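**Q** coords below, sequence missing:
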Ligand code: FAD
């Protein structure tokens, strides 16, 4: 009999826990369920759907190299998964299904449903904690709670880490060809937005491995110094690949071990700082699982639910379209819309600008990001937004509000990033680009600031002070 592997956000054949476990049992058949309606309901837009579709194609090729057929079904909604998978199991004569866990609540509910349906049918369905080093629940506070603060989580992560946890899972050897043909992969239907140029984000494991190698060879050691400078490609740009599992965090960590004398927490400062970001990624997954209210549009800090967010369509549109008159915010928003990715420093600046300066509900920004990000991933996106809005874990104290102009001067000192994304400002002297003075704007096609920093800051402070804890 054959064993099924259900691929989701783990689009790779190397170091894949579910695939490795299934292959140990015998011949494997791979399944992919395309849930366009639910992914769109969750807010993912054309950029990620296109990247995902190309990732599935690459996966199909890699599986073909192992003689593993890939069956493809369109299901639209998660709640159809159990029935379709059981149907496939009966059809190919499989007794067991393996998959890798996903952690947002709808995915958890879906997978529980699948497991229950398989058990009821006398078959087995096994989930693997593949996308994290520790399963949610394995790292808890002294009181037995999920961590709501990063630093102690990170300390526990490093303390309890053993070699086994991040050992690479076996890649199966090519199996004897089966009498089951792969399905042709359907093209993506037309979506509301046009995806960004696919050459920006070549999909698949090979492209991901190549990015990791180039990052570690050329930029990893400088990461600590360069990671905050958006004009420099100082970060790995692996987030889309990690989000859809075209590379695993174990592959990243193993590569760091090789480069850093077998260490993750000490040694090269750049690599250690990079590992820390991978731990943040894991932290937010534990948060989503341990505090599922955040998956239901709720604030992590319950008392902030009462905040009087403003309805201001004009301001929201200006933010989305990069017309706020704050160059660093506008340049960042253009980078997002035009490339499907935004630098981390800029995600923090733009998110704080929306939620504090404009006092617009962070959930609107969260949704706009998800619609455009190729790396759109619920846990990290929600975590980042709630952090910026001071409603989340590790919440930035509400009174610490970034001054966008100061941030711009500090992290884009030569105005290089601003000039790249706002060509109108390239004509101005570099120092004048951060907050173009009115007299210089005369001949330049660039808007005046839509809010005054000081006044907007005071308004935000007042709104937060009005909350009772
Ligand atoms: P690197 O600096 O090379 O980091 C390596 C990897 O670590 C990243 O690829 C990512 O997987 C992980 N990582 C890095 N920073 C964080 C972080 N703060 N939280 C969680 N994981 C992190 N990241 C996403 O993957 N998807 C999102 O939808 C997302 N939305 C965000 C929204 C906001 C408001 C903020 C402030 C951050 C968000 N992030 C998100 C986190 C971070 O900005 C991106 O992961 C990072 O910019 C991706 O670039 P990189 O791959 O070059 O990162």
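**A** Thanks, I have the structure now. Just so we're clear, the structure is a prediction, and the values are computed from it rather than from any experiment.
**Q** elements contacting the longest helix anywhere in the chain?
**A** Taking DSSP state H as the criterion, the chain has its longest helix at helix 269-290. Contact here means 3 or more C-beta pairs under 8 Å, 6 or more residues apart in numbering; DSSP states H and E; on that basis helix 269-290 packs against helix 150-160, helix 223-226, helix 249-259, helix 378-388. To be clear about C-beta, it is placed using only N, CA and C from the backbone, and glycine gets the same treatment.
**Q** so, in contact with the ligand or not, it?
**A** Yes - using C-beta under 6 Å from any ligand atom, helix 269-290 reaches the ligand at 277-278, 280-281, 284.
**Q** please enumerate the strands of the stretch 101-250 of the chain.
**A** 124-128 (DSSP state E, counting those that start in this stretch).
**Q** up against the ligand, what does it have?
**A** 227, 235-239, 242-243.
**Q** same thing but 8 Å
**A** 215, 223, 227, 235-243, 249 (C-beta under 8 Å from any ligand atom).
**Q** farthest-apart pair in those residues, please.
**A** 223 and 243 (19.4 Å; C-beta to C-beta).
**Q** and the longest helix of the chain with helix 249-259, angle?
**A** Orientation check (axes from the mean of the first three to the mean of the last three C-alpha atoms, to 10 degrees): helix 269-290 against helix 249-259 gives 160 degrees.
**Q** next structured bit after helix 269-290?
**A** helix 313-320 (DSSP states H and E).
**Q** what's the end-to-end length of stretch 260-273?
**A** 12 Å (C-alpha to C-alpha, to the nearest Å).
**Q** which residues are in contact with it?
**A** 158, 161, 216, 219-225, 227, 253, 256-257, 259, 275 (C-beta atoms under 8 Å, 6 or more residues apart in numbering).
**Q** again, but for stretch 26-36
**A** With C-beta under 8 Å, 6+ apart as the criterion, stretch 26-36 contacts 1-8, 19, 22, 49, 56, 59, 63, 68-78, 81, 84-85, 88, 92, 94, 172, 175-176, 178, 180, 186, 189.
**Q** state the mean pLDDT of it.
**A** Per-residue pLDDT over stretch 26-36 has a mean of 97.
**Q** list the buried ones in that stretch?
**A** 27-36 (16 or more other C-beta atoms under 10 Å).
**Q** stretch 297-312 now?
**A** Result for stretch 297-312 [16+ other C-beta under 10 Å]: buried residues 298-301, 304, 307.
**Q** what about whichever residue of the stretch 351-469 of the chain sits closest to the ligand, how many residues nearby?
**A** As assessed by C-beta to the nearest ligand atom, the ligand sits closest to residue 384 within the stretch 351-469 of the chain, at 2.3 Å. Using other C-beta atoms under 10 Å, residue 384 is surrounded by 22 other residues.
**Q** likewise residue 394?
**A** 18.
**Q** nearest residue to it in space, please, no chain neighbours.
**A** residue 150 (5.1 Å; C-beta to C-beta, 6 or more residues apart in numbering).
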